[in-house]
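Q: need coordinates for the below:
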Amino acid sequence: MLGRPQDHASPRGSGDGGEVHVVKPFKERNPIVVGLVGSAVAAAVLTATLNYENLPIIGSGTTYQAEFSEAAGLQQDDEVRIAGIKVGEVSDVRLAEDHVVVSFRVKDAWVGDKTAAEIKIKTLLGRKFLALRPTGETVQNPKQIIPRTRTVTPYDVTEAFNGLADTAGAIDTDQLAESFTTLSDTFKNSPEHIKKALEGLTSLSKTVSSRDSELASLLTNAHGLTTTLANSNDDFAKLLSNGNLLLTELDRRRQAIHDLLTGSQQLAAQLSGLVKDNKDQLGGALRQLGEVTDILQRQNDNLAKSLDLAAPYFRVVNNSLGNGRWVDGYLCGLIPENRDSCTPKIPGGGR
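A: Residues are numbered from 1 along each chain as shown. A predicted model of the protein is given here:
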């Protein structure tokens with residue numbers, strides 16, 4: 001005799017008098033509790049999937065930190081390279097008092113306790129990346145920040161031009177030329193090769209003095225150019241992004257045109273097959289249609305001839321009834337005097 005299966009039981013305690021814990025079947029559990037637990041597990045799995053890069057075992061590597069005197073344009077998601085090969089990405093750049101702390105992840109690469117970090121220029125538009133030079137005897141502790149003594153920031157070309165302009169502007173070119181002239185007069189009794197060297201220095205100082213305004217203008221224009229390029233960095237980035245969108249749209253349109261042509265070829269093949277399969281039926285139908293059109297053409301000719309013959313009759317009837325409520329009649333040739341005018345003339349002189 002079949003009956004309800006017994007519940008699984010696990011004894012607690014010892015002996016026959018031990019307490020027994022009965023496990024409820026899954027279908028008898030509270031569906032609300034089961035739904036909440038299932039939703040929590042699904043949310044945890046989804047969160048872990050979206051943030052798998054930050055997981056310690058299956059993530060994207062170990063996270064380190066380094067101190068820099070300035071960020072130098074380094075941003076989140078910029079590359080981390082060792083010997084030119086990408087080994088990770090920058091995860092965060094934050095300000096810490098008078099310096100910045102850069103957090104970065106490294107995967108499948110050895111980082112020693114003497115490792116140096118340097119921010120380098122990646123593109124002409126100002127994109128940067130973090131370069132590592134791993135050295136040391138032991139592995140770098142992720143909890144210890146790489147100090148500023150082992151980090152380097154790139155030299156800014158704009159600041160270099162600004163410093164050059166300030167330095168060149170502070171030079172007294174007239175006094176420099178006078179100093180070289182005095183030096184030349186002092187050593188005028190020196191050997192010939194020294195005199196020529198001093199004369200060359202004098203000519204150089206005069207040349208520099210005469211080109212002072214041009215040099216100042218050149219440095220000013222160079223400063224303006226570098227400033228304009230620096231301010232247009234976002235515009236360049238937007239231009240490249242728009243160009244990428246344009247190419248993507250053109251590729252999408254190309255794919256649409258390709259699909260249209262492919263569909264047209266398939267339609268032509270289907271129509272060709274349809275005509276080939278129904279060639280006999282279509283031929284007979286076209287022949288019958290030709291016969292019908294011939295019959296209609298003959299009937300049309302007969303109707304046109306009938307109308308041409310009926311026109312004089314209806315014209316005479318109209319003339320007979322056009323003078324009132326009676327019918328006019330006319331007999332030609334009733335008397336001999338009018339017979340000649342009613343007799344039709346035959347070509348050749350006969351009647």
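
Q: which residue is nearest the middle of this protein?
A: residue 245 (2.9 Å; Cα atoms, centre = their mean).

Q: host element of residue 295?
A: Element membership for residue 295, per DSSP states H and E: helix 279-320.

Q: how is the chain divided into domains?
A: Using automatic domain parsing, the domain parsing of the chain gives 61-154, 159-231.

Q: nearest to residue 241, of these?
A: Evaluated with Cβ to Cβ, these place domain 61-154 nearest to residue 241, the distance being 11.7 Å. Where C-beta positions appear, they are placed from N, C-alpha and C, glycine not excepted.

Q: can you pull out the low-pLDDT segments for the chain?
A: Across the chain, the ranges flagged by pLDDT under 70 are 1-28, 48-60, 155-166, 168-169, 183-184, 187-193, 195, 198, 321-322, 324-351.

Q: let me see the ranges of the helices in it.
A: Along the chain, the segments classed as helices by DSSP state H run 31-50, 157-170, 173-186, 192-210, 212-231, 233-277, 279-320, 336-342.

Q: could the domains of the chain go into a markdown table alongside distance to residue 46?
A: Written out in a markdown table, the entries for the domains of the chain read as follows (distance: least, Cβ to Cβ, whole Å):
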| stretch | distance to residue 46 |
| --- | --- |
| domain 61-154 | 21 |
| domain 159-231 | 42 |
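
Q: for residue 290, which of those domains is the nearest?
A: Ranking those by distance to residue 290, with Cβ to Cβ as the measure, places domain 61-154 first at 75.1 Å.

Q: what's the single longest strand in this protein?
A: strand 85-96 (DSSP state E).

Q: can you mark which positions in it are buried?
A: For strand 85-96, the buried set under the neighbour-count rule, 16 or more other Cβ atoms under 10 Å, comprises 87-91, 93.

Q: what of stretch 101-112?
A: So for stretch 101-112, counting by 16+ other Cβ under 10 Å, buried means 101-102, 104-106, 109, 111.

Q: report the two of the residues you listed separated the most.
A: With Cβ to Cβ as the measure, no two of the buried residues of stretch 101-112 lie farther apart than 101 and 109, at 20.6 Å.

Q: check contacts around residue 140.
A: Contact analysis of residue 140 by Cβ atoms under 8 Å, 6 or more residues apart in numbering lists 64, 111-113, 115, 146.

Q: one step back: could the buried residues of stretch 101-112 go into a markdown table alongside distance to residue 33?
A: Conversion of these to a markdown table gives the following (distance: Cβ to Cβ, whole Å):
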| residue | distance to residue 33 |
| --- | --- |
| 101 | 45 |
| 102 | 46 |
| 104 | 44 |
| 105 | 39 |
| 106 | 44 |
| 109 | 47 |
| 111 | 47 |
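
Q: quick one: which of the residues you listed is nearest residue 45?
A: The nearest member of those to residue 45, counting by Cβ to Cβ, is residue 105 at 22.5 Å.

Q: isn't the closest one right next to residue 63, touching?
A: Yes: under the criterion of Cβ atoms under 8 Å, residue 105 makes contact with residue 63 at 5.2 Å.

Q: got any residues that touch both of the two?
A: Here residue 105 and residue 63 share the contacting residues residue 91, scored by Cβ under 8 Å, 6+ apart.

Q: follow-up on the earlier one: and the domains of the chain, which is most packed in?
A: Mean neighbours per residue, mean count of other Cβ atoms under 10 Å, is largest over those for domain 61-154, with a mean of 16.

Q: ends of that one, what's the gap?
A: The distance separating the two terminal residues of domain 61-154, taken as Cα to Cα, to the nearest Å, comes to 26 Å.

Q: same check on stretch 130-144?
A: Here the two ends of stretch 130-144 are set 18 Å apart, with distance taken as Cα to Cα.

Q: again with stretch 122-140
A: In stretch 122-140, first residue to last residue: 26 Å (Cα to Cα).

Q: thinking again about what came up before, export the helices of the chain to JSON lines and tack on distance to residue 75?
A: Supplementary listing: the helices of the chain in JSON lines, determined by distance: least, Cβ to Cβ, whole Å:
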{"stretch": "helix 31-50", "distance to residue 75": "22"}
{"stretch": "helix 157-170", "distance to residue 75": "18"}
{"stretch": "helix 173-186", "distance to residue 75": "43"}
{"stretch": "helix 192-210", "distance to residue 75": "42"}
{"stretch": "helix 212-231", "distance to residue 75": "16"}
{"stretch": "helix 233-277", "distance to residue 75": "12"}
{"stretch": "helix 279-320", "distance to residue 75": "70"}
{"stretch": "helix 336-342", "distance to residue 75": "120"}
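
Q: and the ones you listed: which comes nearest residue 138?
A: With Cβ to Cβ as the measure, helix 31-50 is the member of the helices of the chain nearest residue 138 (31.8 Å).

Q: keeping just the C-alphas, turn that closest one into PDB.
A: These are the backbone C-alpha positions of helix 31-50, laid out as PDB (Å, rounded to 0.1, in the frame of the first residue of the first chain):
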ATOM      1  CA  PRO A  31       6.800  30.800  -0.100                       C
ATOM      2  CA  ILE A  32       7.300  34.400   1.100                       C
ATOM      3  CA  VAL A  33      10.500  33.500   3.000                       C
ATOM      4  CA  VAL A  34      11.700  31.400   0.100                       C
ATOM      5  CA  GLY A  35      11.000  34.300  -2.300                       C
ATOM      6  CA  LEU A  36      12.900  36.800  -0.100                       C
ATOM      7  CA  VAL A  37      15.900  34.500   0.300                       C
ATOM      8  CA  GLY A  38      15.900  33.800  -3.500                       C
ATOM      9  CA  SER A  39      15.800  37.500  -4.300                       C
ATOM     10  CA  ALA A  40      18.600  38.300  -1.800                       C
ATOM     11  CA  VAL A  41      20.800  35.500  -3.400                       C
ATOM     12  CA  ALA A  42      20.000  36.800  -6.900                       C
ATOM     13  CA  ALA A  43      20.900  40.400  -5.900                       C
ATOM     14  CA  ALA A  44      24.200  39.200  -4.400                       C
ATOM     15  CA  VAL A  45      25.100  37.300  -7.500                       C
ATOM     16  CA  LEU A  46      24.200  40.300  -9.700                       C
ATOM     17  CA  THR A  47      26.300  42.600  -7.600                       C
ATOM     18  CA  ALA A  48      29.200  40.200  -7.600                       C
ATOM     19  CA  THR A  49      28.900  40.000 -11.400                       C
ATOM     20  CA  LEU A  50      28.900  43.700 -12.000                       C
END
